[in-house]
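Enquirer: take this sequence and fold it.
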Amino acid sequence: MPTIADLIVEGLQNAGVSRVHGLPGDSLNGLTDALRRNPSVAWEHYRHEEAAAFAAAGEAATTGSLAVCAGSCGPGNLHLVNGLFEAQRSRVPVLAIAAHIPGSEIGTGYFQETHPEELFRECSVFCELASSPDQFPHLLDIALRTAVERSGVSVLVVPGNVLLHRLDHTPKAATVLPTAPVVRPSDPEIERAAAALNDAERITILAGAGCAGAHDQLIALAGALQAPVVHTLRGKEYVEYDNPYDVGMTGLLGFTSGYRAMEKCDTLLMLGTDFPYRQFLPDHVTTVQVDLRGEQIGRRTRVDLALVGTVRDTAEALLPKLAPRTGSRHLDTMRDHYVSARAALDRLAVNDRNRTPIHPQYVAKVVDELASEDAVFIPDVGSPVIWAARYLTMNGRRRLIGSFNHGSMANALPQAIGAQAAFPERQVVALSGDGGLAMMLGDLITLKQQRHPVKVVVFNNGALSFVELEMKAEGLVSFGTDLDNPNFADVASALGIHGSRVEHPADLAEALRTAFAHPGPALVEVMTARQELSIPPTIKLEQVKGFALYAARAVLSGRGDELLELAHTNVVRRISS
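Expert: Sure thing, here's the model as predicted:
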């Protein structure tokens, strides 16, 4: 007779799920045994449940389809929480199966008892305890459909004894697949938006991840409005390529041209973005915001006209209503600014006469040049995100995913594993920080065990360098950020993974070519400059004062050599370039 776990596996199979990411445990035995007996859904084994949840988030982000992770009761499923927050904040569909203690023991303080339905409530769109076999298959159907339709996390909490419950009949699991509705504002709202845009003189578009699947409509809209297009980090992969109106990014990771294009406009058109940094949004402009989720509109800045709909459907309705434009002064000025800003960034991404340590901009640039045309890039939170944002080139086939909203360290390796599991023949490149890789170092073993050919590029600067940058901006002398790292290449080699270490810029390209050509997992450790500064598009007086205070405190603390290294890495090099 089939069990509840068999019914779950059937439901996952019907929903197009190919694998479950997790780590086994006694309360989860019913599910893992059902997977053993039904090889159509594979079991992806990890060394830490957090990595399994991140991997599910990575798979869902790259495929756009439902991904699944699982953890055993108590500490097991509790480890899932960080990866589930990542999936929820990135709005990708993930089902988490959180096994629970025996149903008869809930509430007694039993061994490993927690209350997952309360713990996971904040990082999910659906979270329920299935305490009775009679709740299946309906609860499974609801959990799957909610994750798929709302692009978020569903958590199904199931006591281990319920997973093992044998059914006296064979109910058929539902087939839950995503729908594709047309969603756009009403005709009167479209008319009002067209009137506002037709009356504007200098329009700038801020485009985010909601522009996925709407590239042609975005380009047509920018052309009709003669508007420069600023993109967010999550929007980069959907907006940047084949875009004659692109002027780069704004925000903490962006550069001046994106910031100026928004600063100088009189009308801002926000398309599919929940850009969080208010200080980079312009004041005293007319703002029109398009978002599929109406509750997101106006959260960051005052909005004059809210349009609820997808970017694709809304743009298609709006385009016929726009009056032809002849003037392009605002666009031309901002494009010229972008060309200048882009050239300034590229001048920093050079070999620098084979000096060491290697500048991280150069590492990112060489990775960009050597990676495949459909590579999936996944940077760790911290400085690797900066270099990915500024130096990786998108082309409509490449992908760029990461923990861009949740901002968790150590995301790159496990998300890369999930992406590679979904696309075994595709090049997946994790851009790992030394701190991020060390945090989830155990799942390098997962690469070897599961034979995933992920390429890991480690930016090793011996510090939590982005944290140090934040400290400097606040006038603080860095403390607690040193990392006494092992030789990561040797660690990889000891695990049976191709490993190499690069200390000189002249050796970088060959090391990367060799790693990228290697048929299995590979790790390239690059020794990079610790004091590299990433300058945001605008610097406030408080930040200037902060750096001045930091400099004074560093000297008084006997750390003047740190200031000399900072000057040599940044000021002297910029003057010479």
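Enquirer: pull stretch 195-210 out as PDB, backbone CA atoms only.
Expert: Taking Å, rounded to 0.1, in the frame of the first residue of the first chain, the C-alpha atoms of stretch 195-210 are listed here in PDB:
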ATOM      1  CA  ALA A 195      -0.900  61.700 -20.500                       C
ATOM      2  CA  ALA A 196       1.700  62.100 -17.700                       C
ATOM      3  CA  LEU A 197       4.400  60.700 -19.900                       C
ATOM      4  CA  ASN A 198       3.500  62.700 -22.900                       C
ATOM      5  CA  ASP A 199       3.600  65.900 -20.800                       C
ATOM      6  CA  ALA A 200       7.100  65.100 -19.400                       C
ATOM      7  CA  GLU A 201      10.300  66.600 -20.800                       C
ATOM      8  CA  ARG A 202      13.000  64.400 -19.300                       C
ATOM      9  CA  ILE A 203      11.900  60.900 -18.500                       C
ATOM     10  CA  THR A 204      14.200  58.200 -16.900                       C
ATOM     11  CA  ILE A 205      13.200  54.600 -16.600                       C
ATOM     12  CA  LEU A 206      14.300  52.500 -13.600                       C
ATOM     13  CA  ALA A 207      14.000  48.900 -14.600                       C
ATOM     14  CA  GLY A 208      14.100  45.900 -12.300                       C
ATOM     15  CA  ALA A 209      13.700  42.100 -12.200                       C
ATOM     16  CA  GLY A 210      10.000  42.600 -13.100                       C
END
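Enquirer: buried ones in it?
Expert: Residues of stretch 195-210 classed as buried by neighbour count (16 or more other Cβ atoms under 10 Å): 196-197, 200, 202-210. C-beta: built from backbone N, CA, C; applies to glycine.
Enquirer: got those residues as TSV, with pLDDT, distance to residue 411 and secondary structure columns?
Expert: Below are the buried residues of stretch 195-210 laid out as TSV (pLDDT from 0 to 100; distance: Cβ to Cβ, whole Å; DSSP: H, G, I helix; E, B strand; the rest coil):
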residue	pLDDT	distance to residue 411	secondary structure
196	97	39	helix
197	97	38	helix
200	96	39	coil
202	97	38	coil
203	98	35	strand
204	98	31	strand
205	98	29	strand
206	97	25	strand
207	97	24	strand
208	96	19	coil
209	96	16	helix
210	96	21	helix
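Enquirer: for the residues you listed, which one is nearest residue 232?
Expert: Using Cβ to Cβ, residue 208 comes nearest to residue 232 of those, at 4.4 Å.
Enquirer: and the closest one, what does it touch?
Expert: For residue 208, the contact set (Cβ atoms under 8 Å, 6 or more residues apart in numbering) comprises 231-232, 234-235, 270-275.
Enquirer: mind redoing it with 7 Å?
Expert: Neighbouring residues of residue 208 by Cβ atoms under 7 Å, 6 or more residues apart in numbering: 232, 234-235, 271-275.
Enquirer: got a pLDDT number for residue 341?
Expert: For residue 341, the pLDDT comes out at 92.
Enquirer: what separation is there between it and residue 234?
Expert: Computed as Cβ to Cβ, to the nearest Å, the residue 341 to residue 234 distance reads 21 Å.
Enquirer: the more surrounded of the two?
Expert: Per other Cβ atoms under 10 Å, whichever of residue 341 and residue 234 has more neighbours is residue 234, with 25 against 20.
Enquirer: so where is this structure shaky, pLDDT-wise?
Expert: 533-577 (pLDDT under 70).
Enquirer: what residue of it is the furthest out?
Expert: residue 168 (44.5 Å; Cα atoms, centre = their mean).
Enquirer: excluding chain neighbours, what is closest to that residue?
Expert: Of all residues not flanking residue 168 in the chain, residue 1 sits nearest, at 6.8 Å (Cβ to Cβ, 6 or more residues apart in numbering).
Enquirer: so who does the closest residue to residue 200 other than its chain neighbours touch?
Expert: Counting by Cβ to Cβ, 6+ apart, residue 267 is the residue found nearest to residue 200 once chain neighbours are left out, at 3.7 Å. By Cβ under 7 Å, 6+ apart, the residues touching residue 267 are 196-197, 200, 203, 285-286.
Enquirer: could you export those residues as JSON lines, including distance to residue 137?
Expert: Formatted as JSON lines, those follow (distance: Cβ to Cβ, whole Å):
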{"residue": "196", "distance to residue 137": "49"}
{"residue": "197", "distance to residue 137": "49"}
{"residue": "200", "distance to residue 137": "53"}
{"residue": "203", "distance to residue 137": "51"}
{"residue": "285", "distance to residue 137": "52"}
{"residue": "286", "distance to residue 137": "51"}
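Enquirer: between all of the residues you listed, which two are separated the most?
Expert: 197 and 285 (12.5 Å).
Enquirer: can you measure across stretch 316-334, start residue to end residue?
Expert: With Cα to Cα, to the nearest Å as the measure, stretch 316-334 spans 26 Å from end to end.
Enquirer: contacts only, for the most centrally placed residue in the chain.
Expert: What sits nearest the mean C-alpha location of the chain, by Cα atoms, centre = their mean, is residue 402, with 2.1 Å. Residue 402 is in contact with 378-379, 385, 411, counting by Cβ under 7 Å, 6+ apart.
Enquirer: ok, it to residue 99 distance?
Expert: Distance of residue 402 to residue 99, given as Cβ to Cβ: 29 Å.
Enquirer: same question for residue 57.
Expert: 20 Å.
Enquirer: who's more crowded, these two?
Expert: For residue 57 versus residue 99, neighbours defined as other Cβ under 10 Å are more numerous around residue 57 (35 against 30).
Enquirer: doesn't residue 86 make contact with that one?
Expert: Yes: assessed by Cβ atoms under 7 Å, residue 57 is found in contact with residue 86 at 4.8 Å.
Enquirer: ok, then the element right after the lengthiest helix in the chain?
Expert: Ranked by number of residues, the top helix in the chain under DSSP state H is helix 329-348. Moving toward the C-terminus from helix 329-348, the next helix or strand (DSSP states H and E) is helix 360-370.
Enquirer: looks like residue 83 contacts residue 58 (just checking).
Expert: No: contact between residue 83 and residue 58 fails when scored by Cβ under 7 Å: they sit 9.0 Å apart.
Enquirer: common neighbours of those two, please.
Expert: Common neighbours of residue 83 and residue 58 (Cβ under 7 Å, 6+ apart) do not exist.
Enquirer: closest one of the contacts of residue 267 to residue 318?
Expert: residue 197 (7.8 Å).
Enquirer: ok, the closest one to residue 333 distance?
Expert: Separation of residue 197 from residue 333 (Cβ to Cβ): 19 Å.
Enquirer: who does residue 166 bridge with?
Expert: Beta-bridge pairing of residue 166, defined through DSSP bridges, involves residue 3.
Enquirer: all strands for the stretch 201-350 of the chain, in order.
Expert: Secondary structure of the stretch 201-350 of the chain (DSSP state E, counting those that start in this stretch): strands at 203-207, 229-231, 246-249, 267-271, 286-291, 305-308.
Enquirer: can I take it that residue 70 is in a strand?
Expert: Yes: counting by DSSP: H, G, I helix; E, B strand; the rest coil, one finds residue 70 located in a strand.
Enquirer: so what's residue 113 closest to, chain neighbours aside?
Expert: Closest to residue 113 by Cβ to Cβ, 6+ apart is residue 101, at 5.3 Å.
Enquirer: could you list every residue that touches the one you found?
Expert: 27, 73, 110, 112-113, 159.
Enquirer: swap in 6 Å and give it another go.
Expert: Neighbouring residues of residue 101 by Cβ atoms under 6 Å, 6 or more residues apart in numbering: 73, 110, 113.
Enquirer: sorry, back to before: give the buried subset of the contacts of residue 208 as a PyMOL selection command.
Expert: What follows is the PyMOL syntax selecting those of the contacts of residue 208 that are buried according to 16+ other Cβ under 10 Å:
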select buried, resi 232+234+235+271+272+273+274+275
